[in-house]
Every structure is written in C-alpha cells, then in structure tokens.
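[1] Provide a 3D model corresponding to the input given below.
(one chain, ligands or ions: 4)
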Amino acid sequence: MAKNTKNQYIFFSQDVHQQLLKQAKIEQALHYAIENNEISLVYQPQLNKQYKLCGVEALVRWHSSELGFIPPEVFIPIAEQTGLMPKLGQYIMNKSMNEITVLQHKLSTLFSLAINVSVKQFIQLNFFELLMQSIEDFGDKELPLTIEITESLFIESMDVLLPIFEKMKQHQISLALDDFGTGYSSLSMLREAPIDELKIDKSFVDHITENNIDKAMVKSIINMGKNLKMRVLAEGIESLEHAKILSKYGCDLFQGYYISKPLNIKELEVYVNTILKK
Ligand code: C2E
Ligand code: CA
Ligand code: CA
Ligand code: CA
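    Ligands and ions are numbered 1, 2, ... in the order given. Next up is the predicted model:
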C-alpha cells in the first residue's frame, strides 16, 4: 500500500514537472513569437439569415519555429498566467483592425470585426484607451466592432467592468457573450451587463439534429435572447441541417465550418469577393 502510494506520488510529481517544463518552454517561445511575427490571424465569417456577410471573428494562430503549431487554447492561458496577455492582446487588436480595414477599403464594403478579449487583457488599467488608440492608429471609425468576452470575466467585480462597458456603448462598440451556456453564471451576467449579442456555444449546436434536450435548450436560449433584445449567434454550425433548425428557431447569425472555416486575410478577400458578386 505504502509502495503504491509512493509510486503514485512519484508518477504524479513527474507529470507535474513535465507540465511545468512544457509551460516554461511555451512561455519563452511566446516572447520570441510576439517579437518575430510568428503570430497571425484568421477570420471566420458570420452570416445572417439572408446569407449576407455581417462580420468576421478574428482568431489567433501561432506557428512556432521551435515548437510547431500551438493551439490558442494552450497558449492563451499561459499568456494570461505569465503577464504576456496585454501585449499579445494589443498585437491581436492592432493587427486585426489593420488587416480588416485595409481589406474593406480595397473592396469598398463594410462588415463587423469581432475580437476575443480575455480577462487579464480586459481588466488591465487602460484597456479602453488602448482600444481607442488601436482604432485610431489601425482601424476606421466606420468599422463596426464587437468585443467577445466570456463568463470568466465576471469573476471580476462589476464595479470595475461596468464603467468600461459604458464607455464602449458610447462608442457603439458591441459586447458579445461568448460560449453562452457553458459557464455557471450566465444568467446573472445577462442581468448585470449590457450584452448586445449572445453566442450560443458549439456544444449545444452539435446535437440539435438528434437530441431533444439540446433542441429545447437552444430554442429557449434564442427566445431569451430575443426577449432581452439581443442578437443571437450560433457557433459551430457544421451542416445545412444545423443551419435550418437554428434558422427555424429564429437565430439571427450563423458561424461555423459549414459556412466557412477561419480564413487568412488573402483567403478572406477571395471569399468576400465571391459573396459580393452573388
Ligand atoms: P472561441 O472564441 O469559442 O472560438 C471558436 C472556436 O471554434 C475557434 O477555435 C474556431 O476555429 C472553432 N470553430 C469554429 N467553427 C467551428 C465548427 O464548425 N466546428 C468546429 N469543430 N470548430 C469550429 P480556435 O481558433 O482554435 O480558438 C479556440 C479558442 O481560443 C477560442 O474559442 C477563444 O476562446 C480562444 N481564442 C482564439 N483566438 C483568440 C484571441 O485572439 N484572443 C483571445 N483572448 N482568445 C482567443
Ligand atoms: Ca469567440
Ligand atoms: Ca465561442
Ligand atoms: Ca470556445
């Protein structure tokens, strides 16, 4: 028994050690990545019921020369823990506004840009000022902007968050609640924050074709969003079947592989061009 416990202990501690080592490696490489243009962005189209392009969501990509492709779900939390997030977040904000504004001017068209903002980035002292600076330096006052936040943001006190939300409102910047339904405080958040858009999490959309509970939940979420005068977007749409059901339930906006995978800026240009010609 004692041996067993000991063995388990050794196994566990080696595991943790490996984990920390890997994390330290990623952290180091991430410093390098931000300085050396290893970070890029892709954009996933968002369509309305008429299949019109309404916006794109910017998603960060990191191809590390040293470690290969690392998914955002791995490096964003590390950036958060190690204090790199404000810098990385600023880079993402500047780069996406620049790429999308240049493209829109080139094609004489307008659609919104959604940017994911993590907790540490959002609550840094001058988030709003940096956002405004980014719009001034790289964006366009015409560019409709949405900031996507998750429920984890709401571990922070509302006293800190509400004034920022208020300033965003004054500048017509929308607030989207990402991954809706997956957190534990979704409903209280809807009550307290001026949310403009609900993004129904992919995990609910996945089984709406066959699971009656998921169907009922998605239907209810859409109705609630409507009653609260919010736009409702469903993410993770992978089939026409998904789109049809969601459309029937009154969902406003659609995003997912069935519509388009996230595209780099060159691919997005081709995509927008084909849509404009239709
Ligand atoms: P998210 O914000 O919920 O983004 C949606 C994720 O679902 C993206 O993964 C997207 O590529 C993927 N996706 C979209 N449609 C489909 C579909 O039909 N099927 C499937 N299976 N997946 C789909 P990605 O790009 O790997 O991002 C993962 C998460 O990392 C994001 O989840 C977001 O939380 C975070 N993230 C990504 N980019 C950024 C960023 O620039 N800043 C911050 N703070 N977080 C980011
Ligand atoms: Ca998002
Ligand atoms: Ca999401
Ligand atoms: Ca997600």
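[2] tell me the contacts of Ser260?
    By C-beta atoms under 8 Å, 6 or more residues apart in numbering, the contact list for Ser260 reads 44-45, 271. In short, each C-beta sits where N, CA and C put it, glycine included.
[3] and if you look at Gly55?
    By C-beta under 8 Å, 6+ apart, the neighbours of Gly55 are 45-46, 111-114, 144, 146, 253.
[4] one more time with 6 Å, if that's ok
    Neighbouring residues of Gly55 by C-beta atoms under 6 Å, 6 or more residues apart in numbering: 46, 111-112, 114.
[5] Glu148 now?
    Residues in contact with Glu148 (C-beta under 6 Å, 6+ apart) are 114, 116, 176, 178.
[6] got a winner among these for most neighbours?
    Ala114 (26 neighbours; other C-beta atoms under 10 Å).
[7] burial of Asn37, as a residue count?
    9.
[8] Glu73 is in what secondary structure piece?
    helix 72-81 (DSSP states H and E).
[9] If you could redo that for Leu190, that was the one I meant.
    helix 186-192.
[10] Tell me which residues are up against that helix.
    154, 158.
[11] re earlier: tell me if the helix holding Glu73 is near ligand 1.
    Yes: judged by C-beta under 6 Å from any ligand atom, helix 72-81 and ligand 1 are in contact via 72-73, 76.
[12] From those residues, list the buried ones, please.
    Ile76 (16 or more other C-beta atoms under 10 Å).
[13] pretty sure Glu238 contacts Ile259?
    No: counting by C-beta atoms under 6 Å, Ile259 is not a contact partner of Glu238; they are 9.5 Å apart.
[14] sorry, back to before: among the contacts of Ser260, who's most crowded?
    Pro45 (22 neighbours).
[15] Just the local confidence number for the closest residue to that one other than its chain neighbours, please.
    In space, Pro45 comes closest to Ser260 once its chain neighbours are excluded; the distance is 4.7 Å by C-beta to C-beta, 6 or more residues apart in numbering. pLDDT recorded at Ser260 is 98.
[16] In a helix, Ser260, correct?
    No: checked against DSSP: H, G, I helix; E, B strand; the rest coil, Ser260 lies outside a helix; its state is coil.
[17] Please report the number of neighbouring residues for Glu192.
    14.
[18] roughly how far apart are it and ligand 2?
    Distance, Glu192 to ligand 2, using C-beta to the ion, to the nearest Å: 20 Å.
[19] Also Lys244?
    23 Å.
[20] Shouldn't that residue be within a helix?
    Yes: according to three-state DSSP, the state of Lys244 is that of a helix.
[21] re earlier: torsion angles phi and psi at the residue nearest to Pro45?
    Dihedral angles of Ser260 (phi, psi; degrees, to the nearest 10) stand at phi -170, psi 140.
[22] Would you mind listing what in this structure touches ligand 2?
    Within the chain, the positions lying close to ligand 2 (C-beta under 5 Å from the ion) are 116, 148, 178.
[23] Please state the offset of the helix or strand containing the second one from the chain centre?
    Assignment of secondary structure by DSSP H and E places Glu148 within strand 145-149. Strand 145-149 has its C-alpha centroid displaced from the chain centroid by 8 Å (C-alpha atoms, centre = their mean, to the nearest Å).
[24] Provide the secondary structure category for the residue in the stretch 151-278 of the chain positioned nearest to ligand 2.
    Closest approach between the stretch 151-278 of the chain and ligand 2, counting by C-beta to the ion: Asp178, at 4.3 Å. State at Asp178, reduced to three classes by three-state DSSP: strand.
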